[in-house]
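Below are the sequence and a predicted model; questions follow.
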Amino acid sequence: MKVGILGGGQLARMLAEAGHPMGLSFLVVDPKPGASASQVAEQLVADYDSEPARDALADCDAVTCDFENVPAAALEALAERVPVRPSAAALAAAQDRFVEKSRFQSLDMATPAFAAVDRRPDLLAAIDRIGLPAVLKTRTMGYDGKGQVVLRDREDLEAAWQRLSGRPLILEQWVAFDHECSITVVRGADGNKRFYPLSRTWHADGILRLAVAPCPNADRLQAEAERMAGRLADDLDYVGCLTLELFASGNELRANEFAPRAHNSAHWTIEGARCSQFENHLRAVCGWPLGDPAARSGISVLFNFIGELPEAASWLAVDGLAWHDYGKTARPGRKVGHATLVAPDREALDAARAGLEDLLPSDLRGALDGILPRRA
């Protein structure tokens, strides 16, 4: 069976790595030569909506995407010739932040307050209603902290407007949350759903840097996160893995955004779950039975490498650590790899963490200590 993937980044790469043992082959379409996934799968260098891409993907048994901003029209045309999972409509629902949050509210999912902003008077009216601080964002094409500005007082308005105006915008309430977390659900074509344990996440400059799963002390939040993610997946008639990012305040969750694809916060599932998000996404896309999303061991900690990879040998000296190099050229702000530390319990985790003491930057050490305080 052959699976086509629009996009050839690290997510496509990890999909191919998960699919090879199941006997799957892959064709990735990406306009940039030498994409990350090309090291493990055949790559067609072409625009996503080009005729060569459509013809090549139509020869596959199923098609999926490794990012959400594939042109919806290209997916709709392709879906007339081959199963596309998730659907063009599901991807489109995540491409506009205002549409996305409006859908959340229609599904009885709490969100930060928000308002559409097309003109300067809209921004002033939205601030009067929502208050400051707030975040002004582009409605489309924003990810990893791109296309957004925090407004702390009215003196920030002019610079933010000059930077972002000219595109449809959204103003979102600044949420004083206790922490961020995310949940990944996989839904099959038959509507069957399975949920991964909630992940506790930590970001710097809008980019995920650390994830811990299962989220400590999250029993009270897991059921609500499953309700929200499950309702969204059903409403979209979704097929594949979907991740919902959340703000947690006490016992309450607010939906921030969702990703209609495999997600960085669930990379820990490769080593830490009985069936990874990548294998389960492929099972759903191919119409196969879903795998068990339960944690394989006690605790998994994901470290995201941004800009450049550290020296691998020192990290690999730590027991229980797995290393993933995406085969990308170093560049500021670019996701180039990750490592996952899997430990059966807190005692083993603390022993392993001692080996990472001199390897982790101070901000990551502090974030991890805040999530999982060291035991005496």
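Happy to help now that I have it.

I'd like the distance from stretch 98-115 to the chain centre, please.
19 Å (C-alpha atoms, centre = their mean, to the nearest Å).

How about stretch 3-12?
Centre-to-centre, stretch 3-12 and its host chain are 14 Å apart (C-alpha atoms, centre = their mean).

for that stretch, which positions count as buried?
By 16 or more other C-beta atoms under 10 Å, the buried positions in stretch 3-12 come out as 3-12. Using the backbone N, CA and C atoms, a C-beta is placed for each residue, glycine as well.

residue ranges for the helices of the protein, please.
Taking DSSP state H as the criterion, the chain carries its helices at 10-19, 51-58, 72-79, 88-92, 97-106, 120-130, 157-164, 219-235, 269-272, 277-285, 312-316, 346-356, 362-371.

Make a markdown table out of the buried residues of stretch 3-12 and add pLDDT and distance to residue 220.
Formatted as a markdown table, the buried residues of stretch 3-12 follow (pLDDT from 0 to 100; distance: C-beta to C-beta, whole Å):
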| residue | pLDDT | distance to residue 220 |
| --- | --- | --- |
| 3 | 98 | 38 |
| 4 | 98 | 41 |
| 5 | 98 | 37 |
| 6 | 97 | 38 |
| 7 | 97 | 36 |
| 8 | 97 | 40 |
| 9 | 97 | 35 |
| 10 | 98 | 33 |
| 11 | 98 | 31 |
| 12 | 98 | 36 |
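
mind putting these in a markdown table, distance to residue 260 included?
Output for those, formatted as a markdown table (distance: C-beta to C-beta, whole Å):
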| residue | distance to residue 260 |
| --- | --- |
| 3 | 16 |
| 4 | 16 |
| 5 | 14 |
| 6 | 12 |
| 7 | 12 |
| 8 | 18 |
| 9 | 15 |
| 10 | 17 |
| 11 | 12 |
| 12 | 15 |
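
out of those, who's nearest residue 184?
Of all these, residue 184 sits closest to residue 11, with 12.8 Å by C-beta to C-beta.

and that closest one, what is it in contact with?
Counting by C-beta atoms under 8 Å, 6 or more residues apart in numbering, residue 11 makes contact with 66-67, 261-262.

how far away is it from residue 60?
Between residue 11 and residue 60 the computed distance is 17 Å (C-beta to C-beta, to the nearest Å).

hang on, the earlier thing: most surrounded residue in the contacts of residue 11?
Using other C-beta atoms under 10 Å as the neighbour criterion, residue 262 leads the contacts of residue 11 with 30 neighbours.
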